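# I'll drop the sequence and a predicted model, then ask my questions.
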Amino acid sequence: MAGATEKTPQAGRMGVPPRVADLVSDGLEALADTAPELLDLAERELQGRAERLNLVAASSPTAPAVLAAQALGFSALTAEGYPGRRYHPGTAVVDEVEQLAVVRAELLFGASHANVQPLSGSMANLSVLLGLLEPGDPVLAMDLSHGGHLSHVSRPASLAKHLEPTYYQLGEDGTLDIEHVREKARTSRPKVIICGGSAYPRTIDFAALRSVADEVGALLVGDISHISGLVAAGAHPSPFPHCDVVTTSTYKQLRGPHGGLVLRGPDSRVAANAIDAFVFPGFQGTPDFGMLAAKAVALGGALEPGFGEAMGRVVRYARIFAEAFTSRGLSLVGGGTDTHMVLLDLRGQAVTGRDVSRALEAAGILANKNLVPNDPRTPQRTSGLRIGTNHLAFMGIEDPDVRDLAEGIAQLVLDLEADRRPESSAVWHRLAAQVTALVAATEREKQPVSRRTEGKEGIEGIEGVAA
Ligand SMILES: Cc1ncc(COP(=O)(O)O)c(C=O)c1O
C-alpha cells in the first residue's frame, strides 16, 4: 500500500479532496492491520463476482461510486429528525446530503415528496403500514407464494400477528385478476391494499387496483422495489397518481445501496408530514447518512440518459429469455414478461427450481429457485426459477449473446429433466464456457474507473477492449 505522502498527490489528481482520500486509504491500512481476514474475504468476493453472471432478479450491479459514497465517513454521525429539524447538533453537512437524496428521488419519480431514510425496503413498508393502520385493522395484500413479499403482512412476518391480513392470488393464467382482488376487497373491507411484488413478471395495473381501493374506501400502497428502475425510466407505467404511498428498495434495480424510499404523489390522500412521522419517530431512529449519500449517487445515476437506455435493454433481454423458454415448450408464470424478470414454472416436471439453480451456479450463473403459484413443492425445492436481466443490461453485451445464453439455459432445463446430473449435459459445459467468455469480454465494464481511464496503456492493456 502506498505511504501517506504518495496518496495525497495522486488523490488530488483524481479530484478527491486530500482529507477524504486519507480517510479511505488510512482506513484500508488500518483494516490491513486489524482485520486482514476481511480484506481477504473482500478480495475473494470481488474475484467471485468477476467470474460469475448474475441473473438474480432482486439485484443490480451496485455502481462503484455508490460503494465509495458509503465509505466517506457520513455514517459516523448520530442525528435523529429531518434536515433543519434535528435533535442533535452538528448536522448542517448531513442535512445537505439528505436534501440531495430527497431532491433527486422526487425528480426521478415525479413525486411530490420523498422520504429517503428507510434502512431497507422492508422497513419502508413496515413504517408505512404501522403508520397507516391500527392494531387489528384489515389489510389486503398479494399472497406470498403468488409473488407477494414477506413485508406485505405475509403470514410468516410478525406484523401479521398485529393486523388482519387477507391475501389475493393470481388467476389461472398467472396474471393479476382484478375481479378476484375486487371480490376479496368487498368481503374483507381493507383499510389498505398493497400491490407490487417480488415475483410478478407482468405489468401491474395500478389504475385498476386504484378503482378497487376507491370502491371499498381503502388507501393504495404500491411497492415498486422490483421495478423502480423501469418506472423511473418510463418502461413500466407509473404508480402515480394511483397509489397514495409508494415504497421501494434502492438496491434492486436502482444500482443503489441497501435501503428504501417512501414516496407520495401530488394527489395522495396521505400527507407528506404524516409519511415522515411514520418513518421517524414512528419506526426508526438515526438514519445512516453514508447510505443517504450513496442513495443520492444512485438516484443521480438513474437520472442520466444511459440509465433509461439500460432499462430498455432490461426489458428486451427478459423477452429474449421468455421466448427461449416458451419456444421450447417450457411454461412461464404469467405466460411471459413485461419487466426484468421471467419466472419459469416447473410444476408437473421432475426437475425442480433447486436442481436448475444448482446446475447454473456450477456453470457460473446465479439465478434463484422460487415458489410459483400453487406450488406443490417446498420453498427449499420449489417448482420455479426466477431470472432477472438487470446485471446483463449494464454489462454492455449484445442481443445475440443474450439469446445464446437464454437458449443454453432453456436447453439445460430440458436436459436436466432427462438426467439430473449437469455434467452429463453438453449444453451445461457450453454454458460454463460461455460464462467465462462473457465475463472476460466485459471485464472492462467491471474495472474501477481509475484502471479504465488512467492513460492509454491502461485501456489497451485490457484484452478484447477497443480503446
Ligand atoms: C417487493 C419487495 N418489497 C420489499 C422487499 C424488501 O426489501 P429489503 O430487502 O430492502 O428489505 C423486497 C425484497 O426482496 C421485495 O421484493
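Okay, I see it.
# Please report the distance of residue 38 from the ligand.
23 Å (CB to the nearest ligand atom, to the nearest Å). In short, each C-beta sits where N, CA and C put it, glycine included.
# quick one, what contacts that residue?
residue 31 (CB atoms under 8 Å, 6 or more residues apart in numbering).
# Surely it forms part of a strand?
No. Assessed with DSSP: H, G, I helix; E, B strand; the rest coil, residue 38 is helix; it does not lie in a strand.
# for the stretch 251-400 of the chain, what spans make up the helices?
272-279, 289-302, 305-326, 353-362, 390-393, 399-418 (DSSP state H, counting those that start in this stretch).
# could you dump the third one to PDB, C-alpha only?
The C-alpha coordinates for helix 305-326 follow below in PDB (Å, rounded to 0.1, in the frame of the first residue of the first chain):
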ATOM      1  CA  PRO A 305     -29.900   9.100 -20.100                       C
ATOM      2  CA  GLY A 306     -27.800   6.000 -20.000                       C
ATOM      3  CA  PHE A 307     -29.900   4.500 -17.200                       C
ATOM      4  CA  GLY A 308     -33.100   4.800 -19.300                       C
ATOM      5  CA  GLU A 309     -31.300   3.000 -22.200                       C
ATOM      6  CA  ALA A 310     -30.200   0.300 -19.900                       C
ATOM      7  CA  MET A 311     -33.800  -0.200 -18.600                       C
ATOM      8  CA  GLY A 312     -34.800  -0.600 -22.300                       C
ATOM      9  CA  ARG A 313     -32.300  -3.400 -22.500                       C
ATOM     10  CA  VAL A 314     -33.500  -4.900 -19.300                       C
ATOM     11  CA  VAL A 315     -37.000  -5.500 -20.800                       C
ATOM     12  CA  ARG A 316     -35.700  -6.600 -24.200                       C
ATOM     13  CA  TYR A 317     -33.400  -9.200 -22.700                       C
ATOM     14  CA  ALA A 318     -36.100 -10.500 -20.400                       C
ATOM     15  CA  ARG A 319     -38.300 -11.000 -23.500                       C
ATOM     16  CA  ILE A 320     -35.400 -12.900 -25.200                       C
ATOM     17  CA  PHE A 321     -35.300 -15.200 -22.200                       C
ATOM     18  CA  ALA A 322     -39.100 -15.700 -22.300                       C
ATOM     19  CA  GLU A 323     -39.000 -16.500 -25.900                       C
ATOM     20  CA  ALA A 324     -36.200 -19.000 -25.400                       C
ATOM     21  CA  PHE A 325     -38.200 -20.900 -22.800                       C
ATOM     22  CA  THR A 326     -41.600 -20.800 -24.300                       C
END
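# next one: it to chain centre, how far?
Remark: helix 305-326 is offset 16 Å from the chain centroid, using CA atoms, centre = their mean, to the nearest Å.
# For the protein, what lies in contact range of the ligand?
58, 120-122, 125, 149, 151, 196-198, 223, 225-226, 249, 258, 260 (CB under 6 Å from any ligand atom).
# Farthest-apart pair in these, please.
Maximum pairwise distance among the residues of the chain next to the ligand (CB to CB): 19.3 Å, between 197 and 258.
# hmm, back to that, make JSON lines out of the helices of the stretch 251-400 of the chain and add distance to residue 84, mean pLDDT and mean neighbour count.
JSON lines is the format used below for the helices of the stretch 251-400 of the chain (distance: least, CB to CB, whole Å; pLDDT from 0 to 100; neighbours: other CB atoms under 10 Å):
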{"stretch": "helix 272-279", "distance to residue 84": "12", "mean pLDDT": "98", "mean neighbour count": "18"}
{"stretch": "helix 289-302", "distance to residue 84": "15", "mean pLDDT": "98", "mean neighbour count": "25"}
{"stretch": "helix 305-326", "distance to residue 84": "30", "mean pLDDT": "98", "mean neighbour count": "20"}
{"stretch": "helix 353-362", "distance to residue 84": "48", "mean pLDDT": "98", "mean neighbour count": "21"}
{"stretch": "helix 390-393", "distance to residue 84": "36", "mean pLDDT": "97", "mean neighbour count": "26"}
{"stretch": "helix 399-418", "distance to residue 84": "48", "mean pLDDT": "97", "mean neighbour count": "19"}
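# mind putting those in a markdown table, distance to residue 63 included?
Formatted as a markdown table, these follow (distance: least, CB to CB, whole Å):
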| stretch | distance to residue 63 |
| --- | --- |
| helix 272-279 | 25 |
| helix 289-302 | 5 |
| helix 305-326 | 10 |
| helix 353-362 | 25 |
| helix 390-393 | 12 |
| helix 399-418 | 21 |
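# With respect to residue 74, which of those lies nearest?
Evaluated with CB to CB, the helices of the stretch 251-400 of the chain place helix 289-302 nearest to residue 74, the distance being 3.8 Å.
# which residues sit against that closest one?
Residues contacting helix 289-302 (CB under 8 Å, 6+ apart): 63, 65-67, 69-75, 77, 79, 94, 97-98, 100-101, 104-105, 108, 116-117, 119, 229, 232-233, 250, 254-259, 261, 307.
# Quick one: buried ones out of those?
63, 66, 69-72, 74-75, 77, 79, 94, 97-98, 100-101, 104-105, 108, 116-117, 119, 229, 232-233, 250, 254-259, 261, 307 (16 or more other CB atoms under 10 Å).
# Give me the subset of those residues that lies in helices.
66, 69-70, 94, 97-98, 100-101, 104-105, 108, 229, 232-233, 307 (DSSP state H).
# so which residue of the protein comes closest to the ligand?
The nearest approach of the chain to the ligand comes at residue 121, 2.6 Å away (CB to the nearest ligand atom).
# ok, so what distance separates the nearest residue to residue 236 once chain neighbours are set aside from residue 333?
The shortest distance from residue 236 to any non-neighbouring residue, by CB to CB, 6 or more residues apart in numbering, is to residue 230 (3.8 Å). The spacing between residue 230 and residue 333, counted by CB to CB, to the nearest Å, is 18 Å.
# Mind checking which of those two has more residues around it?
Neighbours were tallied for residue 230 and for residue 333 using other CB atoms under 10 Å; the higher tally belongs to residue 333 (29 against 23).
# my guess is that one meets residue 372, correct?
Yes. Using CB atoms under 8 Å, residue 333 is in contact with residue 372, at 5.3 Å.
# rewinding a little: what about the residues of the chain next to the ligand, which one has the most neighbours?
Counting neighbours by other CB under 10 Å, residue 223 leads the residues of the chain next to the ligand with 32 neighbours.
# who touches the nearest residue to that residue once chain neighbours are set aside in this structure?
Counting by CB to CB, 6+ apart, residue 196 is the residue found nearest to residue 223 once chain neighbours are left out, at 3.6 Å. Counting by CB under 8 Å, 6+ apart, residue 196 touches 142, 149, 204, 222-227, 239.
# May I ask which two of these are separated the most?
149 and 239 (15.3 Å).
# how about residue 436, what does it touch?
Counted by CB under 8 Å, 6+ apart, residue 436 has contacts 51, 364.
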